[in-house]
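Asks: no FASTA, just this:
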């Protein structure tokens, strides 16, 4: 009579990870956008969150739902700065609740995506976990979570699960294909605004700026190349040829960093600009408006 075989710890771990991925798969969908293939997940009934950078400029997309059914989806809104986009689709798929569990380096995670009618799964570890950061496009991300894993391009926009099966955010590909997580806190802050307004408000100066070196050892600044006649800059009295040298007392070293300061919270704020005009230095208050192109 043969002895009953017992599972090894590795087999138990493998089975647990497979069950974990299977539990999330019904809420993860495949998205066909132009020539791009990506993933998304059901955030609210009829609403799918996905990675903005994977979507084409089209307004209609094909979504492959659980069970191989396909449906047309329409863009609700997108925010390139946080890489979050929201699609609407007629579907009975149930959302998977997101959690804001803190992550620590070394923690096991699983990324669940979809490709056509099948799930894709990647296992990895948290290689870095730190506080809030700002993306290269100026979006405020609530936590920086980097993963040591190899992610299929088609899985971008899918869910990231912790070892307990909790969904902690969305998997995206950063520079040099580094896998990042757009965390729950950021999704829950941005997605409702996209659902209600279709966009995220951004600050607007109404100025065309170009970096310029400043004589007399003052470093660099931003020269005003154009002024929107109806914009905040014109209302503040700025002229073409003015050189901005400081923003609320802080030297302006890069135009890019100045533009990154024009996030959602900047709208309505009044800042003090120090500028040079025809050799004179003056202080000018400027009230930031909402970008008409936001």
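Replies: Perfect, thanks for sending it. Nothing here was measured: the structure is a model prediction, and the numbers come from that model. Residues are numbered from 1 along each chain as shown.

Asks: what's the following helix or strand after the worst-scoring helix or strand of the chain on mean pLDDT?
Replies: Lowest by mean pLDDT, DSSP states H and E among the helices and strands of the chain is helix 255-260, with a mean of 80. The element immediately downstream of helix 255-260 (helix or strand, assigned by DSSP states H and E) is strand 270-277.

Asks: by contact count, what packs against that following strand?
Replies: Under the contact criterion of 3 or more C-beta pairs under 8 Å, 6 or more residues apart in numbering; DSSP states H and E, strand 270-277 touches strand 243-247, strand 280-287. Backbone N, C-alpha and C define where each C-beta goes, glycine included.

Asks: Other residues contacting the helix or strand just after the first one?
Replies: Next along the chain after strand 243-247, taking DSSP H and E as the criterion, comes strand 250-251. Counting by C-beta atoms under 8 Å, 6 or more residues apart in numbering, the neighbours of strand 250-251 from elsewhere in the structure are 219, 245.

Asks: what about strand 250-251, distance to the chain center?
Replies: Offset of strand 250-251 from its chain centre (C-alpha atoms, centre = their mean, to the nearest Å): 28 Å.

Asks: Ok, stretch 213-222 next?
Replies: 34 Å.

Asks: end-to-end on it?
Replies: The first residue of stretch 213-222 is 8 Å away from its last residue (C-alpha to C-alpha, to the nearest Å).

Asks: same question, stretch 110-123
Replies: Start-to-end span of stretch 110-123 (C-alpha to C-alpha) is 5 Å.

Asks: isn't residue 65 right next to residue 94, touching?
Replies: No. Assessed by C-beta atoms under 8 Å, residue 65 is found out of contact with residue 94, at 11.5 Å.

Asks: the more surrounded of those two?
Replies: A count of neighbours by other C-beta atoms under 10 Å puts residue 65 above the other of residue 65 and residue 94, at 22 against 11.

Asks: Which phi and psi values does the more buried one adopt?
Replies: Note on residue 65: backbone dihedrals following degrees, to the nearest 10 are phi -90, psi 170.

Asks: Quick check: it vs residue 291, distance?
Replies: Distance of residue 65 to residue 291, given as C-beta to C-beta, to the nearest Å: 35 Å.

Asks: what do you get for residue 96?
Replies: Here the criterion is C-beta to C-beta. By it, residue 96 lies 33 Å from residue 291.

Asks: Regarding this protein, what is its longest strand?
Replies: Taking DSSP state E as the criterion, the chain has its longest strand at strand 118-130.

Asks: which residues of the chain score low on pLDDT?
Replies: Counting by pLDDT under 70, the ranges of the chain that qualify are 1-5, 216-218, 293-294.

Asks: Tell me how the protein divides into domains.
Replies: Using automatic domain parsing, the domains assigned to the chain come out as 13-200, 203-290.

Asks: most neighbours per residue, which of these?
Replies: Burial of those is given as mean neighbour count (mean count of other C-beta atoms under 10 Å); domain 13-200 ranks first at a mean of 19.

Asks: starting at the chain centroid, how far to that domain?
Replies: For domain 13-200 - counting by C-alpha atoms, centre = their mean - the centre lies 10 Å from the chain centre.

Asks: for stretch 185-201, same thing?
Replies: Counting by C-alpha atoms, centre = their mean, stretch 185-201 comes out at 11 Å from the chain centroid.

Asks: Just the residues contacting that stretch, thanks.
Replies: For stretch 185-201, the surrounding residues in contact (C-beta under 8 Å, 6+ apart) are 43-44, 47, 49, 76-79, 81-82, 84-86, 98, 100, 140-143, 169-170, 264, 267, 290-291, 294.

Asks: Just those: which are in helices?
Replies: In helices, judged by DSSP state H, none of those are found.

Asks: who's in contact with the residue lying closest to residue 152 once chain neighbours are set aside?
Replies: Nearest residue to residue 152, sequence neighbours excluded (C-beta to C-beta, 6 or more residues apart in numbering): residue 120, at 5.4 Å. Shown in contact with residue 120 (C-beta under 8 Å, 6+ apart): 39, 112, 113, 114, 152, 154, 155, 158.

Asks: any idea how far residue 214 is from the closest residue to residue 224 other than its chain neighbours?
Replies: Nearest-residue entry for residue 224: residue 242, 4.5 Å, with adjacent residues in sequence omitted and distances by C-beta to C-beta, 6+ apart. Separation of residue 242 from residue 214 (C-beta to C-beta): 12 Å.

Asks: same question, residue 108
Replies: Residue 108 sits 52 Å away from residue 214, going by C-beta to C-beta.

Asks: same question, residue 122
Replies: Distance, residue 122 to residue 214, using C-beta to C-beta: 49 Å.
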